[in-house]
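S.K.: return a 3D structure for these sequence lines:
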Amino acid sequence: MGIPAIFLSTNLTVSTNITATPAPTNTLKRRLHNSTLKSHSKSGKLDEALRLIESSPSKSPATTPDAEACALFLHSCISRKALEHGQRLYLQLLLYRARSNQDLLSNPRLKSKLITLFSVCGRVDEARRVFEDGGEDVDLPESVWVAMGIGYSRNGYPKEALFLYYEMVSRFGQLDNFAFSMALKACSDLGDLRTGRAVHAQVLKATEDPDQVVNNALVRLYSEDGCFEEAIRVFDEMPQRNVVSWNSLIGGLVKKDGVFEAMEAFRIMQGKEMGFSWVTLTTILPVCARVTALVSGKEIHAVMVKSTAKPDAPVLNSLMDMYAKCGAMDYCRRVFDGMQSKDLSSWNTLITGYAINGLMTEAMESFQEMICSGFSPDGITFLALLSGCSHAGLTDEGCRLFKRTKIEYAVSPTVEHYACLVDVLGRAGRIEEALGIVKNMHFKPTGSIWGSLLNSC
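M.R.: You can find the predicted model right below:
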């Protein structure tokens, strides 16, 4: 059976309408570039983000990062204190401005972030350079001024922060709570109550109600300057209080020697289920130590034990100091032994506790234990041991310790160490030897040294 023939038409035409996909536009490229940069910044991949920024041609608008992406990158730098990454971004921004028409440094948010990063990392001069970039003719918003003022205050320049506030008042007239809190902190650091009251007057005149930060700053200002009635008035009028508010109040009470009032405030604070911070405890525990309020100190210890948070070394050192000064060395040692990480202050507190309670055998054993643990004693360590030797009548041991300070441990004796040595010798009746020490020492004899010598006669 034959196969039928198949005839194809020679007039067949094939449509070839192929549409070429256009290349990504500059806008799309830039959007993708900034999206990648933001993603790296959010996830903390600062090296990858910086590599992306530095690999971008400074004249290409398609790969130039926008202000939002740069601000997000700087936010991550601030949280990680990544100074070098921020400096390199700043350099790129200067290059963008020099080689193109893009001046991202004029963006207020970006400028504030750069100032904050440099000030957080202690580079006040660099923060000031960013702040002054563009000259006096640049109309900076209040937020940038506040960032610079906070930078001054954070780095121990409260006077400069206050001068900046004066200029802000003359420029803007009406300020907001960020500016007020910055100025009040500067006044507290300077102890400038008069200016602080003037700022308080501006707070009352402002259209915006003071927030919690401003009220806390006012309580701190009045408390630290001894104006306790005004501090209480501000505290009572606060619509809301947080732990910082109570800490400021308790700190003011402690400074005013209102130890029992401070303890009562702490109890009220706990009764309101306000919680506490470690600052609260390091403020209140020395109060218990000062008045040897062992029961109150144990109350605070119980609060710490019930807390889910783990106290740090300074808090536990304060707890040890309280027990030591209340004569409860068993509790002091128990706290010390339970510490996961001990510092030199922990050892000094333990040794001092034994010494002031007349337990010099335990003090010397702890001293040797400290050295075996890899810690080097400092002047406080030897001062505690010398003072203990003086009160325990351990003359020879005290003299040996004094010689070891400089020879073995490279600790230069101070006037206080010499006063203890003179007291050690004087209590043993070795007056001539004590007088020889006074004549040959490199310091001018102080009243405490002459007092120790005269008491021995």
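S.K.: can you pull out the helices in the stretch 51-200 of the chain?
M.R.: 67-80, 83-99, 108-120, 124-132, 142-154, 158-172, 177-190, 193-205 (DSSP state H, counting those that start in this stretch).
S.K.: low pLDDT regions in this protein?
M.R.: 1-30, 32-33, 56-64, 135-137, 456-457 (pLDDT under 70).
S.K.: center of it - which residue?
M.R.: Against the mean C-alpha coordinate of the chain, by Cα atoms, centre = their mean, the closest residue is R154 at 8.8 Å.
S.K.: quick one on the thing from earlier: turn the helices of the stretch 51-200 of the chain into JSON lines, including distance to D236.
M.R.: Heads up, the C-betas are built off the backbone N, CA and C, glycines and all. Output for these, formatted as JSON lines (distance: least, Cβ to Cβ, whole Å):
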{"stretch": "helix 67-80", "distance to D236": "36"}
{"stretch": "helix 83-99", "distance to D236": "43"}
{"stretch": "helix 108-120", "distance to D236": "34"}
{"stretch": "helix 124-132", "distance to D236": "38"}
{"stretch": "helix 142-154", "distance to D236": "27"}
{"stretch": "helix 158-172", "distance to D236": "27"}
{"stretch": "helix 177-190", "distance to D236": "18"}
{"stretch": "helix 193-205", "distance to D236": "15"}
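S.K.: please name whichever of those helices is nearest to E273.
M.R.: Proximity to E273 (Cβ to Cβ) singles out helix 177-190 among the helices of the stretch 51-200 of the chain, at 26.3 Å.
S.K.: if we can go back for a sec, out of the helices of the stretch 51-200 of the chain, which is closest to A302?
M.R.: helix 177-190 (32.5 Å).
S.K.: just list what the closest one packs against, helices and strands only.
M.R.: helix 142-154, helix 158-172, helix 193-205, helix 212-224 (3 or more Cβ pairs under 8 Å, 6 or more residues apart in numbering; DSSP states H and E).
S.K.: so that helix versus helix 158-172, what angle?
M.R.: 150 degrees (axes from the mean of the first three to the mean of the last three Cα atoms, to 10 degrees).
S.K.: give the buried residues for helix 177-190.
M.R.: For helix 177-190, the neighbour count (16 or more other Cβ atoms under 10 Å) marks 177-189 as buried.
S.K.: what's the spacing between R427 and G151?
M.R.: Going from R427 to G151 by Cβ to Cβ, to the nearest Å gives 54 Å.
S.K.: same question for M329.
M.R.: Going from M329 to G151 by Cβ to Cβ gives 46 Å.
S.K.: quick one, which of those two is more surrounded?
M.R.: Taking neighbours as other Cβ atoms under 10 Å, M329 and G151 compare with G151 leading, 28 against 19.
S.K.: the more buried one is in contact with L117, isn't it?
M.R.: No: with contact defined as Cβ atoms under 8 Å, G151 does not reach L117; the gap is 9.6 Å.
S.K.: related to what we said a few turns ago, which stretch among the helices and strands packed on helix 177-190 comes nearest D321?
M.R.: Taking these one by one with Cβ to Cβ, helix 212-224 is closest: 22.6 Å.
S.K.: the helix or strand just after that closest one vs helix 212-224, what angle?
M.R.: Downstream of helix 212-224, the first helix or strand assigned by DSSP states H and E is helix 228-237. Here the directions of helix 228-237 and helix 212-224 differ by 160 degrees (the same axes, to 10 degrees).
S.K.: name the helices or strands packed onto the helix or strand where S452 lies?
M.R.: Using DSSP H and E, S452 falls within helix 447-456. Other elements packing on helix 447-456 under the criterion 3+ Cβ pairs under 8 Å, 6+ apart are helix 415-427, helix 431-440.
S.K.: with only the CA atoms kept, save it in CSV.
M.R.: This file holds the C-alpha atoms of helix 447-456, laid out as CSV (Å, rounded to 0.1, in the frame of the first residue of the first chain):
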residue,chain,number,x,y,z
GLY,A,447,46.9,66.1,109.4
SER,A,448,46.0,62.4,109.4
ILE,A,449,49.7,61.4,109.6
TRP,A,450,50.5,63.9,112.4
GLY,A,451,47.3,62.7,114.2
SER,A,452,48.4,59.1,114.0
LEU,A,453,51.8,60.0,115.4
LEU,A,454,50.4,62.2,118.2
ASN,A,455,47.9,59.5,119.2
SER,A,456,50.8,57.1,119.8
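S.K.: shift numbering so it begins at 259
M.R.: In the new numbering, first residue 259, that becomes helix 705-714.
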